[in-house]
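Undergrad: pasted the sequence and its predicted model underneath.
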Amino acid sequence: MSDSFGSWLLDSLIAAGGLGEVWRAHRGSTIAAVKRLHTHLARNDEGLRQFAVEQLLATTLPRHPNLVHGLEAGEVADRPYVALELVDGPDLRQIKVPKLRAIEIVHAACDAATHLHGEGWVHGDICPGNLVIGQDRVVLVDLGVARAIGEAGAVRGTHAYMAPEQVKGEAWTRATDVFALGIVLWELIAGTRLFHRGPPWLTMAGA
């Protein structure tokens, strides 16, 4: 049985992260991934600001086949949300890919990152869990930690894929995403994690 959230019916939980939770949802014949801010962050200025960035990027960036796009953004009962295209398929954590296919996947991710950089933004969280393998394309998802090129701030991202400047809270550049893309490619080819030394702080020390 689906729960209602505004005009959307929430069918099943897809994922939950630091900023919000993502639900497979439908409204009539439209199926989407509805991401809504965690309730405990709905009164948090920083949480609201970061989620507003995701809403903005998802719904206003020019479309690119390898970058997730939004259908709409809004608020239900003081809880911000963004409805995103639902890409049916596994993410890179869930499958093994041949080496030649690995190069194709990372090439597609590079195209998505380049598109984002061209609009003045850094993704900041390129990792296997955010690369979804659809039926006919690779899609970079989750703009939840994105920030403007040259902007510094809180330490955000997936620790094993964070560039040195992310770990230090320094300004992000295009190279921030390039660093993560290199790690993803290395891991797909080598079949093992590059930076994984136990606790997140120790893993990040490797950067």
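TA: Yes, it's here.
Undergrad: all contacts plus neighbour counts: C-alpha atoms, from now on.
TA: Fine.
Undergrad: P128 touches L92, doesn't it?
TA: Yes - under the criterion of CA atoms under 8 Å, P128 makes contact with L92 at 4.6 Å.
Undergrad: and the residue nearest the centre of the chain, how far is that from L86?
TA: In the chain, the centroid-proximal residue (CA atoms, centre = their mean) is D142; its distance is 2.1 Å. Counting by CA to CA, to the nearest Å, the gap from D142 to L86 is 12 Å.
Undergrad: from the contact counts, what lies against the helix of greatest length in the chain?
TA: Longest helix of the chain, by residue count under DSSP state H: helix 99-118. Judged by 3 or more CA pairs under 8 Å, 6 or more residues apart in numbering; DSSP states H and E, the packing partners of helix 99-118 are strand 138-140, helix 174-190.
Undergrad: where exactly do the strands run in the chain?
TA: 3-5, 8-16, 20-27, 30-37, 70-76, 79-85, 121-122, 131-133, 138-140, 147-148 (DSSP state E).
Undergrad: right, so of those strands, which gets closest to T59?
TA: strand 70-76 (4.7 Å; CA to CA).
Undergrad: remind me which residues of this protein are low pLDDT?
TA: 1, 196-207 (pLDDT under 70).
Undergrad: residues in contact with I105?
TA: With contacts defined as CA atoms under 8 Å, 6 or more residues apart in numbering, I105 is in contact with V138.
Undergrad: state the distance from it to V184.
TA: Noted for I105: a distance of 10 Å to V184, by CA to CA.
Undergrad: I'd say T158 and H123 touch.
TA: No - using CA under 8 Å, T158 is not in contact with H123, being 11.5 Å away.
Undergrad: which one's more surrounded, the two?
TA: Taking other CA atoms under 10 Å, T158 and H123 do not tie; H123 has more neighbours (25 against 18).
Undergrad: just the CA coordinates of stretch 128-146, formatted as CSV?
TA: Taking C-alpha atoms only, stretch 128-146 is exported to CSV below (Å, rounded to 0.1, in the frame of the first residue of the first chain):
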residue,chain,number,x,y,z
PRO,A,128,29.9,3.7,-7.7
GLY,A,129,26.7,4.2,-5.7
ASN,A,130,25.8,7.3,-7.7
LEU,A,131,26.4,5.8,-11.2
VAL,A,132,23.3,3.9,-12.3
ILE,A,133,23.4,1.6,-15.3
GLY,A,134,20.2,2.0,-17.1
GLN,A,135,18.9,0.0,-20.0
ASP,A,136,20.6,2.2,-22.7
ARG,A,137,22.7,4.7,-20.8
VAL,A,138,24.8,5.5,-17.7
VAL,A,139,23.3,8.1,-15.4
LEU,A,140,25.2,10.1,-12.7
VAL,A,141,22.7,10.7,-9.9
ASP,A,142,22.5,12.5,-6.6
LEU,A,143,23.2,16.2,-6.7
GLY,A,144,22.9,16.4,-3.0
VAL,A,145,26.3,17.8,-2.2
ALA,A,146,27.0,19.8,-5.4
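Undergrad: thank you, goodbye.
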